[in-house]
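Enquirer: Predicted structure and sequence below. I'll ask about it afterward.
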Amino acid sequence: MTNTSIRPGQIWLDTNGNRIHAHGGSILHLDGTFYWYGENKERSKPGSGIWHWGVRCYSSPDLYHWTDEGLIIPPVEDDPESPLHPAQMTDRPHIIHDTRTGRYVCWLKVMGAGGLQTSTVLVADRVLGPYEIVRTGLRPLGMSAGDFDLTVEPGDGKGYYFFERVHSELICADLTDDYTGTTGYYSTHFPRHRPPDVREAPAHFTRNGLHYLFTSGTTAYFPNRSEVAVARTYHGPWTVLGDPHPADPTGTSFRSQISSVFRHPAKEDLYIALADRWLPDVPAHVAKQAPDLFRRMFAGELVDPDNDLAAVVEDTSVADYVWLPIRFEGDMPILDWHDEWRVEDYR
């Protein structure tokens, strides 16, 4: 199958003609090859009881053609208590390559009963695995840790962990030298009362000495208005710049949620926002209702059980991807809609 461009929101197939499953994903560039990994949702049909089917990875020479490299972290089918059991609500893998040791460190978010969210940490000698669990049931800093991003300072190799302290605020924590835990030093940002205003899905990147964070509101799989903030250090202080999707009148970030930002290594200034369109069949006017409904729910109000959102069947096995290049107006990152775009059109 020959692809010569990126088409946001369209069904994306691998080189075998199968739908790609790398949701909540990120890209690593190693020795001239791009590795795109994420949640495998191929069996996450409504009523299946399957939240995930492991972590899948794809490789590519050009960001257009993706070869299925299989499950780098397979599900554990015979142990319901394992964080890798398909019924466990495990998602958002992020992998750090420790260039000092050559080791790969992967963190996973695990949503447990009663709203408690923990982390599982795995390590491998190769990006494609096998990965071994070294920590599970981890509560970083004693907190319930939700959506997150991991990043490493290129100069000194120091690692940082941005995560949503569930339904409260965003935390930036220093990682230990081996990237498998936190040191205890952290800072707090963007305090909010409750969903949907609490910031989740942090996606960190740097440009021209500035740090940026894309975040979304908390409306489950329904999209909402993104927010971008800027700072001069990992720990802030952070200044909110506003919505990076100003041309989207629906306020749903083109019906997607950003999971990570990837800087193309062969381009002077090409940053790509990787996002999931979790519910591609939900019309924008229906998705637009989500923030108000969640705000009322978490404020303790009764909501109409016959609203449009209640009728949505959340089938993440057909989720699509919205990859868009970032342009900058001064220090403000902007995401414009493109039906089709090419890496070759950027310097």
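Expert: Cool, the structure landed.
Enquirer: Can you name every helix or strand that the longest helix seen in the chain contacts?
Expert: Secondary structure of the chain read by DSSP state H shows that its longest helix is helix 290-298. Where contact means 3 or more C-beta pairs under 8 Å, 6 or more residues apart in numbering; DSSP states H and E, helix 290-298 is not packed against any helix or strand. Quick note: C-beta positions are derived from backbone N, CA and C, even for glycine.
Enquirer: average pLDDT across that helix?
Expert: The average pLDDT within helix 290-298 is 94.
Enquirer: Buried residues, that helix. List them.
Expert: For helix 290-298, the neighbour count (16 or more other C-beta atoms under 10 Å) marks 290-291, 293-295, 298 as buried.
Enquirer: Residue ranges in the stretch 1-150 of the chain under the pLDDT threshold?
Expert: Applying pLDDT under 70 to the stretch 1-150 of the chain picks out residues 1.
Enquirer: List the contacts of W323.
Expert: The contact partners of W323, by C-beta atoms under 8 Å, 6 or more residues apart in numbering, come to 6, 8, 272-275.
Enquirer: repeat that for 10 Å
Expert: 6-9, 12, 27, 63, 256, 262, 272-275, 338, 341 (C-beta atoms under 10 Å, 6 or more residues apart in numbering).
Enquirer: Counting neighbours, which of the residues you listed comes out on top?
Expert: Among these, A275 has the most neighbours (other C-beta atoms under 10 Å), with 31 neighbours.
Enquirer: isn't there a strand covering that residue?
Expert: Yes. Per DSSP: H, G, I helix; E, B strand; the rest coil, A275 lies within a strand segment.
Enquirer: Per-residue pLDDT of it, please?
Expert: 98.
Enquirer: Can you show me the strands along the stretch 201-347 of the chain?
Expert: In the stretch 201-347 of the chain, the strands defined using DSSP state E, counting those that start in this stretch lie at 210-216, 227-231, 239-242, 257-263, 271-277, 320-329, 332-335.
Enquirer: Oops, could you answer that again for the stretch 1-150 of the chain instead?
Expert: Going by DSSP E, counting those that start in this stretch, the stretch 1-150 of the chain shows strands at 23-30, 33-39, 55-60, 67-73, 89-98, 103-111, 117-124, 132-138, 145-152.
Enquirer: Could you dump these into a markdown table with distance to L309 added?
Expert: Converted to a markdown table, these look like this (distance: least, C-beta to C-beta, whole Å):
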| stretch | distance to L309 |
| --- | --- |
| strand 23-30 | 21 |
| strand 33-39 | 23 |
| strand 55-60 | 29 |
| strand 67-73 | 32 |
| strand 89-98 | 20 |
| strand 103-111 | 20 |
| strand 117-124 | 23 |
| strand 132-138 | 33 |
| strand 145-152 | 21 |
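Enquirer: give me the beta-bridge partners of R327?
Expert: Beta-bridge pairing of R327 under DSSP bridges involves I334.
Enquirer: how near is it to N208?
Expert: Counting by C-beta to C-beta, to the nearest Å, the separation of R327 from N208 is 14 Å.
Enquirer: before we move on, what about I272?
Expert: When distance is defined by C-beta to C-beta, I272 is 17 Å away from N208.
Enquirer: Could you do R139 as well?
Expert: If you go by C-beta to C-beta, the gap between R139 and N208 works out to 36 Å.
Enquirer: higher neighbour count, those two?
Expert: Between R139 and N208, counted using other C-beta under 10 Å, R139 has the larger neighbour count: 12 against 7.
Enquirer: Which residues are in contact with the closest residue to the more buried one other than its chain neighbours?
Expert: Closest residue to R139 apart from its sequence neighbours, by C-beta to C-beta, 6 or more residues apart in numbering: T118 at 5.7 Å. The neighbourhood of T118, defined by C-beta under 10 Å, 6+ apart, consists of 83, 90, 108-112, 135-140, 143-145.
Enquirer: Any idea how many residues pack against the residue lying closest to T136 once chain neighbours are set aside?
Expert: What sits nearest to T136 in space, not counting adjacent residues and going by C-beta to C-beta, 6+ apart, is T120, at 4.6 Å. By the criterion of other C-beta under 10 Å, T120 has 22 neighbours.
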